[in-house]
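Asks: attaching a predicted model along with its sequence, questions to come.
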Amino acid sequence: MVEGFEILAVESEGFRLRLPHVTEDGTLVTIEFRTGVLTYSTNFQSSVQLSAEPGAQQLSASGNAAILDADDEDDFSGTTVLSPTLIGGRLLDRVTVAPNPFTPNGDGLNDETTVEYNLLSLSADRRVEIYIFDLSGRRVRTLHDGFEANGRYEDKRWNGRDDAGRLVPPGLYVARLAVEGDAIQDDKAVVIGVAY
């Protein structure tokens, strides 16, 4: 850690840092960070402000954009965009269900489960379907059927009930997520355990 360096804030739309005072002209300051990028050609914007002079703010140049393969080194300054080869044409990523198994018995502990996922590479809002099936292939619950944009979603909850509001029998179920993009369709299936 560099002396005088401080993380001031980390928020959903960005972060703020305090850097040590630069005393030599021509000093290069490089900040490296890692984050999840859900859209190609994501632009990272930054600015520099001199704390001794409030209101003195300078936008920093984005520099060259680099499209990186998994084994490339980033030798460019500024913006780096996610390479299509890194995600392999997927539209769904990091699909998880937790808790799994869950116990919708009304005791207040693990009574529902949450389906979480990333949507990638969409140029506009697209239809996302999340259905719950029993092992015979019968759809028991429509968890979501609507339009969504690129992003991380952590809001799809299942309380163990079917579309008629009845508790499903204990056992294994399959959550199927599907999204149709501009040129491809992607779907994922996750097994969910229901126990009482």
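Replies: Perfect, thanks for sending it. Numbering: from 1, shown residues only.
Asks: who does the residue nearest the centre of the chain bridge with?
Replies: Computing the C-alpha centroid of the chain and ranking residues by CA atoms, centre = their mean puts Arg152 first, at 3.4 Å. For Arg152, the beta-bridge assignment (DSSP bridges) gives partners Asn118.
Asks: from Val168, how far out is it?
Replies: Arg152 is 27 Å from Val168, where distance means CB to CB, to the nearest Å. Every C-beta, even on glycine, is put in place using the N, C-alpha and C of the backbone.
Asks: that older thread, roughly how far apart are the residue nearest to the centre of the chain and Gly160?
Replies: For Arg152 relative to Gly160 (CB to CB), the value is 24 Å.
Asks: what do you get for Gln45?
Replies: Distance of Gln45 to Gly160, given as CB to CB: 44 Å.
Asks: neighbour count: those two, which is higher?
Replies: A direct count of neighbours by other CB atoms under 10 Å for Gln45 and Gly160 places Gly160 higher, at 25 against 9.
Asks: distance from the chain centre to the helix or strand Leu172 falls within, please.
Replies: Secondary structure assignment for Leu172, by DSSP states H and E: strand 171-180. Distance of strand 171-180 from its chain centroid, counting by CA atoms, centre = their mean, to the nearest Å, is 19 Å.
Asks: which residues sit against the next helix or strand after it?
Replies: Sequence-wise, the next helix or strand downstream of strand 171-180 (DSSP H and E) is strand 185-194. With contacts defined as CB atoms under 8 Å, 6 or more residues apart in numbering, strand 185-194 is touched by 90-92, 95-97, 100-104, 113, 115, 117, 132, 158, 160, 168-179.
Asks: and strand 185-194, how far out from the chain's middle?
Replies: The answer for strand 185-194 is 17 Å, by CA atoms, centre = their mean.
Asks: and that strand, what's buried?
Replies: Asp186, Lys188, Val190, Ile192, Val194 (16 or more other CB atoms under 10 Å).
Asks: could I get those as JSON lines with pLDDT and distance to Thr30?
Replies: Listed next are the buried residues of strand 185-194 as JSON lines, based on pLDDT from 0 to 100; distance: CB to CB, whole Å:
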{"residue": "Asp186", "pLDDT": "92", "distance to Thr30": "36"}
{"residue": "Lys188", "pLDDT": "96", "distance to Thr30": "37"}
{"residue": "Val190", "pLDDT": "97", "distance to Thr30": "40"}
{"residue": "Ile192", "pLDDT": "98", "distance to Thr30": "45"}
{"residue": "Val194", "pLDDT": "97", "distance to Thr30": "51"}
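Asks: number of residues surrounding Asn159?
Replies: Applying other CB under 10 Å, we find 14 residues neighbouring Asn159.
Asks: thanks again, I'm all set now.
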